[in-house]
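> Please find the sequence and the predicted model below.
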Amino acid sequence: MPTSTPSGLTGGAGRRGNAPATTRASSGQRCGWSVTKTESPLAFEKVWREWIRAAEQGTDYAFTIRCKDGCRFIGLAGLHDASGARPQLGIWVSESEHGHGYGFEAVQAVARWWSTKGSPAAFHYPVAEVNQSSRRIAERLGGTVVAFEVTPKYNSVIYQIPPVVPDPSAQQTGRDAG
């Protein structure tokens, strides 16, 4: 398991007893908590405890996205099948926080982090076919559609995103440019 986390991400899902790591989004916008309409907090606790186990094994990493002050929940970002040639990126942002760029910032941070810590040939990023915002995230990161999938939940497109390299100017300032 890598000893560091993506730029802008703190904590660690792989540390025993910790909730998923946190990412600081670039704005202090007001955020609200909701898991999903069908999951209870207890059910979600079982999910994040599984994320900790998977992170300890080095297969999956889950991060919470929080406002810059670190106190308010925005959403989740994840990396799945980390040891594979094409790990899968994932994102979920609370509906009340759509339109602020948090999704792009989080997906970019996870992809950039794993591009330097792992050795992915590329990333896969499945999104609902009708989710134009998530499709723009993939396209801004150089992603191209490589497959379509029909699931009971929705029709999806699978993007392939190339590894994300650090911005050389960010190394001089000590932060990643987005």
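Right, received. Where do you want to start? Numbering: from 1, shown residues only.
> all strands of this protein, in order?
For the chain, the strands defined by DSSP state E cover 9-10, 21-24, 61-66, 73-80, 88-93, 123-128, 144-150, 155-161.
> For the protein, which helix or strand comes out least confident on mean pLDDT?
strand 21-24 (a mean of 37; mean pLDDT, DSSP states H and E).
> ok, residue 90 - contacts?
The contact partners of residue 90, by CB atoms under 8 Å, 6 or more residues apart in numbering, come to 76-80, 125-126. No exception for glycine: its C-beta is placed from N, CA and C like everyone else's.
> in the sheet, who's paired with it?
Beta-bridge pairing of residue 90 under DSSP bridges involves residue 78.
> Ranking by neighbours, what's the top pick from the contacts of residue 90?
For those, the largest neighbour count, defined by other CB atoms under 10 Å, is 29 neighbours, found at residue 77.
> Tell me how many other residues crowd the nearest residue to it once chain neighbours are set aside.
Using CB to CB, 6 or more residues apart in numbering and skipping residues adjacent in sequence, the residue nearest residue 77 is residue 106, 3.9 Å away. For residue 106, the count of nearby residues is 30 (other CB under 10 Å).
> Same check on residue 48?
Residue 48: 17 neighbours (other CB under 10 Å).
> So residue 72 sits against residue 64, correct?
No: look at residue 72 against residue 64 with CB atoms under 8 Å: they stay out of range, at 10.4 Å.
> Helices along this structure, start to end?
Using DSSP state H, the helices of the chain run over 41-57, 102-117, 132-140, 168-173.
> Looking at those helices, spot the one closest to residue 159.
Residue 159 sits nearest to helix 132-140 of all the helices of the chain, at 3.8 Å, using CB to CB.
> can you list contacts of the closest one?
Counting by CB under 8 Å, 6+ apart, 91, 98-99, 103-104, 107, 125, 127-128, 157, 159, 161 sit against helix 132-140.
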